[in-house]
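Visitor: Sequence plus the predicted model coming up.
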Protein chains: 2
Amino acid sequence: MGTDTALPRARIAQLAALRRLGQGTAHAMNNALTAALGETGFLLEDYKDDPEVSEACQAIQRALQRCASLSHALLTHSQPPGPAEAEVDLVRLVRDLEPWLDESIGSRRALSVEAPDDLVMVTGAPADLRLVLMVLVSFAAERGEDAEVAIRVEGGEPAVLAVDITARARAEEAVGWLGDPVSAPDPLDACSLGAARDIIAAMGGRWQVESDGPERWQVRAEMPTSS
Amino acid sequence: MGTDTALPRARIAQLAALRRLGQGTAHAMNNALTAALGETGFLLEDYKDDPEVSEACQAIQRALQRCASLSHALLTHSQPPGPAEAEVDLVRLVRDLEPWLDESIGSRRALSVEAPDDLVMVTGAPADLRLVLMVLVSFAAERGEDAEVAIRVEGGEPAVLAVDITARARAEEAVGWLGDPVSAPDPLDACSLGAARDIIAAMGGRWQVESDGPERWQVRAEMPTSS
């Protein structure tokens, strides 16, 4: 579970400083957004009979609320993961993470989620499972500017968390790295994909990677269903 | 320059995913802020003779611009550092980073900068020098909710980048970690402080740590001035 010596300390140091300062940045933005939302609310109240002002204020509010929910998500997911194990509903976990992931991978990339209406319960640390998704989705997003990511949850035994990635470039290589993380040329990818695979293995699960064609591949994490 | 095996891959993976998704989040926020600024601009233009609307719009604009500059800073400093070495003016580098650092360490913490009016030129990678500052300031900010950080640049030979930290808690320990990073109990601190010290050493510089009292300590990075 240790790190590769190929990963320079400076790179980790930058990531660590960015997490801390990024959290501070998100807090400072929240304060500014709250101030702007307050002003907009007063203006809307005072001019509720003026359609031009009302419409403009509502559009401003929507944009501000979108910003606020983005910065809230960034703050929430910047917390160091707690190791606490729990009974986790995979469906809920994926649905909760979906809006932030969808906004954050860029507007040209597409993210979709397919999940049953029922609960799909597994035993694991929620923060770890979120990390697996964050690693796979950000890895997928880096495969191309028009990458498509389809997350699928399946109930039954085993429970399945599958991530289908469609991207123009280098599918074959990426399948290789997903299946054998140490082969990834970027030590940060090697480390991240390795960590994701470790998490599934520690849950007693299986990590499978396959390609459906030259531009399409799938990571399928099978996990024992909680009794 | 390799990493400590004590640093779990999952922690690095989380930081890496946060950098990528944080960049995406900052982009998405920028888009929303641009839309809100546009609406506010139109409203301000149409109601420029209405003092209430004008004042509210100006207050909203100020808050939005503050958000936009924060998200711009987050994006700028999320880029993986380029290794390019250059002649760097330490004063300019510190002054450029100051507003973002000041906003991002939290409103109860204080950041100040003291620097000469002249250029203080050193030879190094600007991204690496920014990283040293980011590491030290975020380390300082974690020492306490009312920590004070004073950055000082001195010209002459050697050039000096000093960071004075005043915080209530655990000064003695922190002096120890700053001077001997591997002794830090959090492997991420050990890695980050070690990376900062490596950067100064690679520039042919000296890294000194001293305590001015039980709640006050200083990191002093001395670097050869560029001829």
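Guide: Thanks, I have the structure now.

Visitor: Give me the contacts around stretch A:142-155.
Guide: Counting contacts by CB atoms under 8 Å, 6 or more residues apart in numbering or on different chains, the residues outside stretch A:142-155 that touch it are A:90-91, A:94, A:98, A:105-106, A:108-116, A:118-120, A:133, A:136-137, A:140-141, A:159-171, A:174, A:225, B:20. The C-beta positions use only the backbone N, C-alpha and C, and glycine is treated the same way.

Visitor: before we move on, what about stretch A:105-113?
Guide: Under CB under 8 Å, 6+ apart, the answer for stretch A:105-113 is A:94-95, A:98, A:101-102, A:137-138, A:140-141, A:145-153, B:21, B:24, B:27-28, B:31.

Visitor: ok, of the residues you listed, which come out buried?
Guide: A:94, A:98, A:101-102, A:137-138, A:140-141, A:147-153, B:21, B:24, B:27-28 (16 or more other CB atoms under 10 Å in any protein chain shown).

Visitor: now, which of these lie within helices?
Guide: When helices are assigned by DSSP state H, the members of those inside them are A:94, A:98, A:101-102, A:137-138, A:140-141, B:21, B:24, B:27-28.

Visitor: what mean pLDDT does stretch A:117-135 have?
Guide: Taken as a whole, stretch A:117-135 has a mean pLDDT of 94.

Visitor: Kindly report the same for stretch A:175-190.
Guide: Looking at stretch A:175-190 alone, the average pLDDT works out to 89.

Visitor: list the buried ones in it?
Guide: A:175-179, A:181, A:184, A:186-190.

Visitor: May I have it exported as CSV, CA atoms only?
Guide: What follows is stretch A:175-190 as a C-alpha-only set of coordinates in CSV (Å, rounded to 0.1, in the frame of the first residue of the first chain):
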residue,chain,number,x,y,z
VAL,A,175,-7.3,-0.6,-20.7
GLY,A,176,-3.8,-1.7,-19.9
TRP,A,177,-3.3,1.0,-17.3
LEU,A,178,-6.7,0.3,-15.6
GLY,A,179,-5.9,-3.4,-15.5
ASP,A,180,-2.3,-3.0,-14.4
PRO,A,181,-1.9,0.4,-12.8
VAL,A,182,1.9,0.2,-12.4
SER,A,183,2.2,0.3,-16.2
ALA,A,184,0.7,3.8,-16.4
PRO,A,185,3.4,6.2,-17.5
ASP,A,186,2.3,8.9,-15.1
PRO,A,187,3.1,7.8,-11.6
LEU,A,188,0.2,9.8,-10.3
ASP,A,189,-2.2,7.7,-12.5
ALA,A,190,-0.4,4.6,-11.4
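
Visitor: Wait, a helix at residue A:172?
Guide: Yes. Assignment of residue A:172 by DSSP: H, G, I helix; E, B strand; the rest coil places it within a helix.

Visitor: Please tell me the pLDDT value assigned to it.
Guide: The predicted structure lists residue A:172 with a pLDDT of 72.

Visitor: so where's chain A uncertain?
Guide: Per-residue confidence of chain A (counting by pLDDT under 70) places the weak regions at A:1-6, A:82-83, A:169-171, A:227.

Visitor: domain parsing for chain A?
Guide: A:9-78, A:86-223 (automatic domain parsing).

Visitor: quick one, which of those domains is nearest to residue B:51?
Guide: Of all the domains of chain A, the one in closest proximity to residue B:51, counting by CB to CB, is domain A:9-78 (12.0 Å).
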